[in-house]
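Trainee: Any chance you can model this:
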Amino acid sequence: MGRGRWRDMAAEELQQQYSPSRWARRLRGDAAVRAHIEAVTAGTQRARASTRTSLHVPYGEADGERLDLYFPAEPSETFPAFVYIHGGYWQCLSKDASGFAAPALVSRGVAVVAVGYDIAPKGHMDAMVLQVRRSLAFLAKQYSRIRGIYLCGHSAGAHLAAMVLCTDWTEFGVVPDIRGAVLVSGVYDLEPILHTYVNDALNMSWEVAQRNSPMLCVTQAVPAAAACEVLVAVAQHDSPEFRRQSQEYSQVSPCSASPSSADAAWAVLLGPVLPLQTFCGWGDGCCEQGRMLVLDEPSLLLRSGSWSGSAPPCWCCLPTGAALSRLVCLPAGSCQHGSF
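Mentor: Residues are numbered from 1 along each chain as shown. The predicted model follows:
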């Protein structure tokens, strides 16, 4: 389904395609949303209780311009930072439910930063994009011990992280050391959103949607961002439109490793805090062209890496109940049941 095919859909079908909770298998509709919110909120509360934190750190003057930072108990002189941008279709959730991954990472010397921004209807799309960019500039200026920023965004957060990757940092007076990004179930072309219930709160015009669509901004990527590695992921049961958007963005993004360059990919741990069903590639068609997810034995990794031997195994070749520990970029046709 190429870009623009959504225009041929009936209104109800388009609503269905851009309603993620309708595609959940274990829970349905609002129950799936509630379960997600409860899980990430409880996980964040546990992280705050067990981790050294700096909460509600202002990076600007607006109410939503706050960061939560989770630090390693015994940090080295310098350390990497995992920056998480929450989803919620730009109109729900917050940084207060975004620290759930911190314990697994800080225990291995990685700081975690949960980014807050003003969601709709208070916030509008231009402002949200600017706020997230400003948060990265603030980190670069105020936390000199951070060496290497790894972005992760889910849903609306994946969109905002992709917009960060096409930022011209000259106006911010600093270039954040962004070394990698994981974009999960994002929307990279906002025009279809204009014709769904999602825009009721966002109230985007066509012009706003165009200038804030990562799919249309990839040519603006500056060298610093273009040098980083990006993994674009979808869930097993994401809608065809979500999968199309991710696949097409992964093919045009200058930041993403091309299928022919998988001999130098990077790996990120999200650890046992996330079940397999949260991130799971292309299902039975996981050997399609593009990037996919791979599981290995649970471990805690946030590093650059490369293959050895034959191509990596695809996730579907592994036990269904395995914990998600590593995400990697794979080339086309790489399901060869190899190892790395």
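Trainee: Can you show me the strands along the protein?
Mentor: 52-58, 66-71, 79-85, 111-115, 146-154, 178-184, 229-233, 265-268, 302-305 (DSSP state E).
Trainee: hey, which of those strands is tucked in deepest?
Mentor: strand 111-115 (a mean of 27; mean count of other CB atoms under 10 Å). In this view, the C-beta of every residue, glycine as well, is placed from N, C-alpha and C.
Trainee: Now do it against strand 79-85: the angle between them, please.
Mentor: Relative orientation of strand 111-115 versus strand 79-85 (axes from the mean of the first three to the mean of the last three CA atoms, to 10 degrees): 20 degrees.
Trainee: So what are the sheet partners of strand 111-115 and their directions?
Mentor: strand 66-71 (antiparallel), strand 79-85 (parallel) (DSSP bridges).
Trainee: Now that strand: average pLDDT?
Mentor: Averaged over strand 111-115, pLDDT sits at 98.
Trainee: so how far is it off the chain centroid?
Mentor: Chain-centre distance of strand 111-115: 13 Å, with CA atoms, centre = their mean, to the nearest Å.
Trainee: Give me the angle between it and strand 52-58.
Mentor: 30 degrees.
Trainee: what does strand 111-115 rub up against?
Mentor: 44, 47, 67-72, 75, 79-86, 95, 98-99, 101-102, 105-106, 132, 135, 139, 146 (CB atoms under 8 Å, 6 or more residues apart in numbering).
Trainee: and with 7 Å instead?
Mentor: With contact meaning CB atoms under 7 Å, 6 or more residues apart in numbering, strand 111-115 is reached by 67-72, 79, 81-85, 95, 98-99, 101-102, 105-106, 132, 135, 139, 146.
Trainee: show me the contacts for residue 157.
Mentor: Applying CB under 7 Å, 6+ apart, the residues near residue 157 are 85, 86, 87.
Trainee: which among those gets closest to residue 110?
Mentor: residue 85 (16.4 Å; CB to CB).
Trainee: didn't residue 250 look like it was pressed against residue 232?
Mentor: Yes - the pair residue 250 and residue 232 qualifies as a contact (CB atoms under 7 Å) at a distance of 3.9 Å.
Trainee: Low-confidence stretches in the stretch 1-150 of the chain?
Mentor: Applying pLDDT under 70 to the stretch 1-150 of the chain picks out residues 1-4.
Trainee: Report how many residues lie close to the residue nearest to residue 64 when sequence neighbours are not counted.
Mentor: Nearest residue to residue 64, sequence neighbours excluded (CB to CB, 6 or more residues apart in numbering): residue 118, at 3.5 Å. Neighbour count of residue 118, defined by other CB atoms under 10 Å: 18.
Trainee: Same question for the one 5 residues further on.
Mentor: Residues lying near residue 123 (other CB under 10 Å) number 20.
Trainee: Please shift the residue numbers so they start at 37 in all later answers.
Mentor: Okay, residue one is now 37; in that scheme the one you just asked about reads as residue 159.
Trainee: Contact partners for it?
Mentor: 100, 153.
Trainee: returning to what we had before: okay, the residue nearest to residue 100 and residue 196: tell me how far apart.
Mentor: 12 Å (CB to CB, to the nearest Å).
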